[in-house]
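**Student:** The sequence and its predicted three-dimensional model are supplied below.
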Amino acid sequence: MATLWGGRFEGSRAELFRAINDSLPFDVELLEQDVRGSIAWANALARAEVISSTERDTLVNGLKEVLDEGTRDRSAVVASGEEDIHSWVEAKLTSKVGEAGKKLHTGRSRNDQVATDLRLWVRDAIAARVDELVSAQRSILDVAEREVSSPFPAYTHLQRAQPVTFGHWCMAHVEALTRDAQRFLDAAERANECPLGSAALAGTAYPIDRDALAKDLGFARPTANSLDAVSDRDFVVDALSAAALCAVHLSRLAEDLIIYTSAEFGYVGLSDAVTSGSSLMPQKKNPDALELLRGKCGRIVGAHTAMLTTLKGLPLAYNKDLQEDKEPLFDAMLHLSICLRLVPEIFKGLQLRRERAAAASIAGYANATELADHLVRQGMPFRDAHHVVGRLVRLAIDDGVELQGLSLEQLRSVAPSIDERVYEALTVEAALARRDVLGGASPRRVREAIENAKSRLSTHERRS
Ligand code: ARG
């Protein structure tokens, strides 16, 4: 196999060197971006009068054919044995159009080429992830709307704390996913510069209009320094960082649901579409989809760590280490995509066991704070009320009842100011209605949060 750089070599490459060096098996993923970049480069060369407009047309038409052929049969591309996707495109182009094909690489290096391809890829991948995030959020919002006033126990330290609504729980996760979309969009903004024209490291020697070239490829602007442009992979780190945190959020969402679907909690049921059985225990229904949402986080966070580690200590400018940027990026983005697309499948079939969740939401003295607040409303300082309710909780524990199971007499034995209105204050409905602060768990506020999220999402949908 002829290489792009064979002139000064006499010996052939060791098999094992080829195995570690050749990137075609994975950078075939950049086929479309490589052709897009090459078409823009051919146009830029013609604009600079380095090639004629006839040559440009030949190159552009040839490149389109190359893309068609490669897209039709990717495995044939890989089987070609070329070193990387750039070599494959150029070799294929030259075999199709002859002499003109050999002019395409004038003033360009694979260093600025690959940096450009990868930025194009990252931009596309981010746009797709953001769309998936929007669909995931919409599916959670549907459940939030349905369960906007369904009581649900909330936890700190995984100990029952206070009642909220299931809608409020849903919206907590929607908030996290909203930040993920914002982080992805920030990352896309920084990736939005065009390295092409930086050549190997010093800038191309031809009078290329880099502004026009950047614009041609839909970039906001050209990169500012040729040494940096060919060695910068911050945009990969940014994208993987957004992906890693998003995966962490999905993992936490999954963990919540894994807990809630266990028989011990039993608040939530999953559909058959996202669960599997056991080969041994006939009764089992396992939350595999959720466990994989949780589990995929490891490899995605790993990809982020791998990229940072690859970059650490690299001297300027391009080094072959940078070829290690692709596999973690492609893998992480693929698996994050699968995870994000799984979220609607999970929420579509998610059933809240309303009675069980409502009962749990108030059980185990989760309304103790309500009682303290009741006393505060009667004029008792909160610290005293906290102490008094603590004693009442003890009394109730000794009696084996909930707070609302204590008689008025018992309640008054510790807090004489209490009257029968206390029982109303101890209901879950009263507890929820009182959480009527911005961001709070009252159904009214949750409804408001849902409306805000919906308008955020439709703003995004209108823009894209
Ligand atoms: N396959 C290489 C990569 O992914 C392309 C750039 C090669 N550049 C070079 N100077 N050998 O990084």
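**Tutor:** Noted; the coordinates are in hand.

**Student:** Next, the buried residues of whichever strand or helix holds Asp256.
**Tutor:** Using DSSP states H and E, the element containing Asp256 is helix 234-261. If you call a residue buried by 16 or more other Cβ atoms under 10 Å, then helix 234-261 has these buried ones: 235-254, 256-261. Placement of C-beta: from N, CA and C, glycine included.

**Student:** what residues does the stretch 51-200 of the chain put near the ligand?
**Tutor:** Taking Cβ under 6 Å from any ligand atom as the contact definition, the stretch 51-200 of the chain meets the ligand at Asp84, Arg110, Asn111, Val114.

**Student:** Redo these as CSV? Include pLDDT.
**Tutor:** As requested, those are exported to CSV (pLDDT from 0 to 100):
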residue, pLDDT
Asp84, 98
Arg110, 98
Asn111, 98
Val114, 98
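
**Student:** would JSON lines of the residues you listed with secondary structure and neighbour count be doable?
**Tutor:** Below are those laid out as JSON lines (DSSP: H, G, I helix; E, B strand; the rest coil; neighbours: other Cβ atoms under 10 Å):
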{"residue": "Asp84", "secondary structure": "coil", "neighbour count": "23"}
{"residue": "Arg110", "secondary structure": "helix", "neighbour count": "21"}
{"residue": "Asn111", "secondary structure": "helix", "neighbour count": "21"}
{"residue": "Val114", "secondary structure": "helix", "neighbour count": "26"}
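
**Student:** Determine which two of the residues you listed are furthest apart.
**Tutor:** For these, the maximum inter-member distance is 11.9 Å, found between Asp84 and Asn111 (Cβ to Cβ).

**Student:** Gly349: neighbouring residues, count only.
**Tutor:** Number of residues near Gly349 (other Cβ atoms under 10 Å) recorded here: 14.

**Student:** List the contacts of it.
**Tutor:** If a contact means Cβ atoms under 8 Å, 6 or more residues apart in numbering, then Gly349 has Leu270, Ser271, Asp272, Ala273, Val274 as its contacts.

**Student:** and what of Thr427?
**Tutor:** Contact criterion Cβ under 8 Å, 6+ apart gives Ile362, Asn367, Gln404 as the residues in contact with Thr427.

**Student:** Chain neighbours aside, what residue packs nearest to the first one?
**Tutor:** So the one you mean is Ile362. Here the nearest residue to Ile362 in space, its sequence neighbours aside, is Val428; by Cβ to Cβ, 6 or more residues apart in numbering that works out to 4.6 Å.

**Student:** The stretch 351-464 of the chain: helices as residue ranges?
**Tutor:** Per DSSP state H, counting those that start in this stretch, the stretch 351-464 of the chain has helices spanning 354-362, 368-377, 382-399, 408-414, 422-425, 428-434, 443-463. These are given in chain order.

**Student:** what's the closest of the ones you listed to Asp321?
**Tutor:** With Cβ to Cβ, the closest approach to Asp321 among the helices of the stretch 351-464 of the chain belongs to helix 443-463: 36.6 Å.

**Student:** by contact count, what packs against that closest one?
**Tutor:** Counting by 3 or more Cβ pairs under 8 Å, 6 or more residues apart in numbering; DSSP states H and E, the packing neighbours recorded for helix 443-463 are helix 110-146, helix 166-191.

**Student:** Of all those helices, which one is nearest Tyr155?
**Tutor:** Using Cβ to Cβ as the criterion, the shortest distance between Tyr155 and the helices and strands packed on helix 443-463 is 10.2 Å, found for helix 166-191.

**Student:** Now do that closest one: distance to the chain's middle.
**Tutor:** Using Cα atoms, centre = their mean, to the nearest Å, we find the averaged C-alpha position of helix 166-191 to lie 8 Å away from the chain's own average C-alpha position.

**Student:** the inter-axis angle of that helix versus helix 443-463?
**Tutor:** Orientation check (axes from the mean of the first three to the mean of the last three Cα atoms, to 10 degrees): helix 166-191 against helix 443-463 gives 30 degrees.

**Student:** May I see the buried residues of helix 166-191?
**Tutor:** Taking 16+ other Cβ under 10 Å as the basis for neighbour counts, the residues of helix 166-191 that come out buried are 166-174, 176-178, 180-181, 183-184, 187-188, 191.

**Student:** Can you find the residue of the stretch 101-250 of the chain that comes nearest to the ligand?
**Tutor:** As assessed by Cβ to the nearest ligand atom, the ligand sits closest to Arg110 within the stretch 101-250 of the chain, at 3.8 Å.

**Student:** got the contact list for that residue?
**Tutor:** Applying Cβ under 8 Å, 6+ apart, one finds that Arg110 lies in contact with Leu4, Asp84, His86.

**Student:** And the last one, what's its pLDDT?
**Tutor:** Reading off the confidence values, His86 has pLDDT 98.

**Student:** about what we covered before: what about the contacts of Gly349, which one has the most neighbours?
**Tutor:** Using other Cβ under 10 Å as the neighbour definition, those reach their maximum at Leu270, which records 22 neighbours.

**Student:** pretty sure Lys326 contacts Glu29?
**Tutor:** Yes - using Cβ atoms under 8 Å as the test, Lys326 is close enough to Glu29 to be in contact (7.2 Å).

**Student:** If we go by neighbour counts, what in stretch 453-461 is buried?
**Tutor:** Ala453, Lys454, Arg456, Leu457, His460.

**Student:** Just put those in a markdown table and tack on distance to Leu336 and pLDDT.
**Tutor:** Shown next, in a markdown table, are the buried residues of stretch 453-461 (distance: Cβ to Cβ, whole Å; pLDDT from 0 to 100):
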| residue | distance to Leu336 | pLDDT |
| --- | --- | --- |
| Ala453 | 21 | 97 |
| Lys454 | 24 | 97 |
| Arg456 | 21 | 94 |
| Leu457 | 19 | 95 |
| His460 | 18 | 86 |
